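J.: here is a sequence with its predicted model. Questions after.
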Amino acid sequence: MDQLVFLILSIISIGAALAVIFSRNPVYSVLFLIVTFFSIAGHYVLLNAQFLFIVHIIVYAGAILVLFLFVIMLLNLNKTDQTEKSMLPKVAGAISGGLLLIVLLGAVKGLNQAEAAQAVNADMGSVKNLGKILFDEYLLPFEISSTLFLSAMIGAVMLGKKNLKDH
Amino acid sequence: MQALSNTVTNYLVLASILFAIGVMGVLVRRNIIIIFMSIELMLNAVNLLLVAFSVFHNDASSQVFVFFIMAVAAAEITVGLAILVMIYRNTGSVDINALNKLKW
């Protein structure tokens, strides 16, 4: 049962990821990226990571993809690009990506299966357990990431200004 | 307690394929927005693999790391899209071939 769900989710995520990079219209790319993110969220459910499932949906589908769509609509980029220039860089890029995939799969194949804990602790990825770890062991990185967000926000506002000389 | 029938090798293969698709997107496409999406794909492949290892090794701290990676990705996309808007304002396109001033 688990295996079947894993297979279906994997096929959906790989197909949607391929559609992201090969569709001509950027809006379709964003929509396929949403499909990919939801299938990865399904993988998180399959792995019993409920907290990350929620955070993934909120951060990616709720914030990042809305931002992408907003920028595409704002810049009026929702038209198909028909720049058919040289094919050589595209073919070279595709071949290098494929070679990277072959190297990674070869490394995975040469790996001997380590002794993994097969009995899974069901509430390890729960909000309660991860919250305890996050606010106990990782309190300082958590606070530093809030500073990172503040600086990113200020940076985005500064970059988005029309002309800095006017202010 | 529940036994998972999937092995960690399945997740390794899946994450490798997703990561390679992301690399291919960065190399093949010339549109900056698509390149950003490919970077997101690569980050998600790594996140998925971290969660899989965390579950199969019964260690919750890598899920906290995935949380921090998501935070950094959100900040990166915010600044990146602001830079993209500025590039569009100055060059009138989102094609990275328009940015060849630093090219050797």
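T.: Everything's here; your move.
J.: hang on, residue B:72 packs against residue A:148?
T.: Yes. Using C-beta atoms under 8 Å, residue B:72 makes contact with residue A:148 at a distance of 7.0 Å. C-beta coordinates here come from the backbone N, C-alpha and C atoms, glycine included.
J.: the helix or strand harbouring residue A:73 and chain B in contact?
T.: Take DSSP states H and E as the rule and residue A:73 turns out to sit in helix A:65-74. Yes. Contact between helix A:65-74 and chain B is present through A:67-68, A:71-72, A:74 (criterion: C-beta under 8 Å from any C-beta of the partner chain).
J.: quick revisit: when residue B:72 and residue A:148 are compared, which one has more neighbours?
T.: Set side by side, residue B:72 and residue A:148 give different neighbour counts by other C-beta atoms under 10 Å in any protein chain shown, the larger being at residue A:148 (17 against 14).
J.: for the spatially closest residue to that one that is not a sequence neighbour, which residues are in contact?
T.: For residue A:148, ignoring the flanking residues on the chain, the nearest one in space by C-beta to C-beta, 6 or more residues apart in numbering or on different chains is residue B:75 at 5.4 Å. With C-beta atoms under 8 Å, 6 or more residues apart in numbering or on different chains as the criterion, the residues that contact residue B:75 are A:148-149, A:151-152.
J.: and residue A:137, by the same measure?
T.: Residues in contact with residue A:137, defined by C-beta under 8 Å, 6+ apart, are B:61, B:64.
J.: any idea of the pLDDT on it?
T.: In the prediction, the pLDDT value recorded for residue A:137 is 90.
J.: same question for the helix or strand encompassing residue A:11: list its buried residues.
T.: Under the assignment given by DSSP H and E, the secondary-structure element containing residue A:11 is helix A:2-22. Taking 16 or more other C-beta atoms under 10 Å in any protein chain shown as the basis for neighbour counts, the residues of helix A:2-22 that come out buried are A:6, A:9-10, A:12-14, A:16-22.
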